[in-house]
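Student: using only what follows, build the 3D model:
(chains A and B)
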Number of protein chains: 2
Amino acid sequence: MTTSTSARTSTSIGNRGETVNPASPAIDTESVTALLERGRTLATPVLRAAVDRLAPPMDTVAAYHFGWIDAEGRPSAGDSGKAVRPALALLSAEAAGAAPEVGIPGAVAVELVHNFSLLHDDLMDGDEQRRHRDTVWKVHGPAQAILVGDALFALANEILLELGTVDAGRATRRLTLATRKLIDGQAQDISYEHRERVTVEECLEMEGNKTGALLACAVSIGAVLGGADDRTADTLEKYGYHLGLAFQAVDDLLGIWGDPDATGKQTWSDLRQRKKSLPVVAALAAGGPASERLAEILAADAKKSETEIADFTEEEFASRAALIEEAGGREWTSQEARRQHATAIAALDGVDMPEKVREQLVALADFVVVRER
Amino acid sequence: MTTSTSARTSTSIGNRGETVNPASPAIDTESVTALLERGRTLATPVLRAAVDRLAPPMDTVAAYHFGWIDAEGRPSAGDSGKAVRPALALLSAEAAGAAPEVGIPGAVAVELVHNFSLLHDDLMDGDEQRRHRDTVWKVHGPAQAILVGDALFALANEILLELGTVDAGRATRRLTLATRKLIDGQAQDISYEHRERVTVEECLEMEGNKTGALLACAVSIGAVLGGADDRTADTLEKYGYHLGLAFQAVDDLLGIWGDPDATGKQTWSDLRQRKKSLPVVAALAAGGPASERLAEILAADAKKSETEIADFTEEEFASRAALIEEAGGREWTSQEARRQHATAIAALDGVDMPEKVREQLVALADFVVVRER
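Tutor: Now for the predicted structure:
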């Protein structure tokens, strides 16, 4: 355990710090840091040039969203995310035997789609904070959040299609299908908030759509741009899809027990929004006294107004989190992250790729399940 | 003058009923009706099948938007628009010597993008009525308007890219660029509402983005799918772009002087929203007593709240409309529609196409400037 965040991880997310994957007990932090850094270094200038194509004021609003400027328009070295997707898109090209640079337009397009969805989802969900700052709709208003989201989505297709190749068309089609799943996932997420019961299966399906599909696309898009056939791309997507589910399981843990200083979100953020996330649905499905007590409390909460929930004390949120944990929701979700992680890594056996690339994909998967932001 | 609406047209929109285009004084109503009908007949089943791909509840929300069901989910034969774009997309294929059916995926994709923009624009603009019915955000809430708009945009790309050809990639790229312009136009439209003065040139640029670009794409997309080269596609787009500007000039007239029974919008709808539409900016640019009086009144209106404007009497709107007319804004816009119409038709000389197709494109252009809805 040598990640820079491992000390906190082992306390904040149950026992995730212990042994994530028996086959690779020690995470190669140096390798992961270098991979994420390479993704950022190669993709960011192209991403910024793409965003510069937007007409004012959309260019400014987008630059604020990405953390390149602050709300007053001054240059800023804000947090622009973990950059897992760009790192994966470059590795994806290498998995197909191409140079990592071949994956750059794919990395940029996936980042554009991801950020389009963040802009719209934050508005739909009423989320006021992202990456330690006010969300775009809070700062620039709902219309700009809609408009700039739309523009980033269009830009994603533009960046790929201007390559003008058959493979670019194939890559764009995969990105489009992933985007549709992402939208399906958000639709499910919204509908689940109004339902009393959501099954674990429904929650996993929603998370597969919302997180798995785009991560899967990140892992296939570079390979497709590098000329990989559909079978190879599909297998890489399998790794990415399960990696996405592992990623989301960890996100769900962080959404309840995460450190706001690390996540950039409010404390108990998923509980504030009454999200039917994995720890909650697993706890409700578990049965037993804690599970039943939790069900009663959440049923009563469902009848409350958003303002009433927002006025809860820290203790009220903490008692709900404790019940979720007591009913086994936290432990189940930790185990689920490990299961999805193992499935992702097993999928890599289906693709013939350079051994170094495989090792790096494994290292990234390890990173995803131990991160705490 | 034998359009079914010509009697009202000549009174409702200044003198547009007189001679729209000296070279083709009589509109071939039968031909236009048949063209619009063909577009609807060929495109609608494919459009409905595409919308059926959406997961619940998005499929229902989209079906409501298109007028296929009512707010309670009962089948409805609601107004789903004029269907000018599908008609153009099929003619576009024929202009390239292909069968009209070759243009169907293009027709459907353009309709999907058009409706994506309506869903988002209605929400951003706070428009409560479209096609004689409550808008989607009024009936199903803002989140569904955002989500279903996003889904229709993604679906547009999906429909084209699943053709899997190089030409489909070219068509999608053109559609993407048109969509970006459409978004630019909406951004300009929003920003103009907060400005005291907008020049005629700025207004035309905004309308070219908001309406011209997608109509241009409708006229090139069928040809591109039929294998036309970029020069042919660009020339067809020139016709479509100016047709779009003519279309929008008429829309701007209808937005002030249109009959609500025909347009499906509120009376004085653009005045209610303080839109800087062509008649307004032309009137303000004209100078003279009526222009100056109008400027004073609109400057005072700009300081009022939305509620105060909504509470205006019919007479208050009518007096503003009368000043716009007195300052020459109505007449200038009518003439602008005729100028753009003439430029559009002249552009057709740049493409070698079957004479029948050219005649039909001319008939559609004539229709666009005399319509009253």
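
Student: how close does the residue sitting furthest away from the middle of chain A sit to chain B?
Tutor: Going by CA atoms, centre = their mean, the residue of chain A most distant from its centre is A:Pro289, 32.9 Å out. A:Pro289 is 36 Å from chain B, where distance means CB to the nearest CB, to the nearest Å. Yep, even glycine has a C-beta here, placed from its N, CA and C like the rest.

Student: measure that residue to A:Glu326 for me?
Tutor: 8 Å (CB to CB, to the nearest Å).

Student: swap in A:Arg173?
Tutor: For A:Arg173 relative to A:Glu326 (CB to CB), the value is 47 Å.

Student: more neighbours, the two?
Tutor: A:Arg173 (22 against 17; other CB atoms under 10 Å in any protein chain shown).

Student: so the more buried one touches B:Leu160, yeah?
Tutor: No. The criterion here is CB atoms under 8 Å, and A:Arg173 misses it with B:Leu160 at 9.0 Å.

Student: quick one, what contacts A:Leu88?
Tutor: A:Leu88 sits next to A:39, A:215, A:218-219, A:222, A:240, A:361, A:364 when contact means CB atoms under 8 Å, 6 or more residues apart in numbering or on different chains.

Student: and which of those is nearest to B:Lys356?
Tutor: A:Gly222 (48.0 Å; CB to CB).

Student: I'd like to know if whichever strand or helix holds A:Arg38 reaches chain B anywhere along the stretch.
Tutor: Using DSSP states H and E, A:Arg38 maps to helix A:29-51. No. Helix A:29-51 lies out of reach of chain B by CB under 8 Å from any CB of the partner chain, never closer than 11.1 Å.

Student: what pLDDT is listed against A:Gly264?
Tutor: For A:Gly264, the pLDDT comes out at 74.

Student: how about the closest residue to it other than its chain neighbours, phi and psi?
Tutor: Excluding its sequence neighbours, the residue lying closest to A:Gly264 (CB to CB, 6 or more residues apart in numbering or on different chains) is A:His132, at 4.0 Å. Backbone geometry at A:His132, expressed as degrees, to the nearest 10, gives phi 70, psi 10.

Student: quick check: residues of chain A near chain B?
Tutor: Residues of chain A lying near chain B by CB under 8 Å from any CB: A:55, A:57-58, A:116, A:120, A:123-124, A:142-143, A:146-147, A:149-151, A:153-155, A:157-158, A:161-162, A:164-166, A:168-170, A:172-173, A:176-177, A:179-180, A:183-184, A:186-188, A:190-191.

Student: list the contacts of A:Ala95.
Tutor: A:222-223, A:228, A:232, A:236, A:351, A:353-354, A:357, A:361.

Student: just want the phi and psi numbers for A:Leu225.
Tutor: Per degrees, to the nearest 10, the backbone of A:Leu225 is at phi -60, psi -30.

Student: so what's the residue count around it?
Tutor: Close neighbours of A:Leu225, defined as other CB under 10 Å, add up to 27.

Student: my guess is it meets A:Pro105, correct?
Tutor: Yes. At 6.6 Å, A:Leu225 counts as touching A:Pro105 under the criterion of CB under 8 Å.

Student: what's the overlap in contacts for the two?
Tutor: Shared contacts of A:Leu225 and A:Pro105, counting by CB under 8 Å, 6+ apart, come down to A:163, A:168.

Student: who are the contact partners of A:Phe153?
Tutor: A:Phe153 neighbours (CB under 8 Å, 6+ apart): A:112-113, A:116, A:179, B:150, B:153-154.

Student: buried subset of the residues you listed?
Tutor: For the contacts of A:Phe153, a burial check counting by 16 or more other CB atoms under 10 Å in any protein chain shown picks out A:112-113, A:116, A:179, B:150, B:153-154.

Student: now the residues you listed as TSV including secondary structure, distance to B:Phe66 and pLDDT?
Tutor: Shown next, in TSV, are those (DSSP: H, G, I helix; E, B strand; the rest coil; distance: CB to CB, whole Å; pLDDT from 0 to 100):
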residue	secondary structure	distance to B:Phe66	pLDDT
A:Leu112	helix	28	98
A:Val113	helix	25	98
A:Phe116	helix	24	98
A:Thr179	helix	21	98
B:Asp150	helix	16	98
B:Phe153	helix	15	98
B:Ala154	helix	17	98
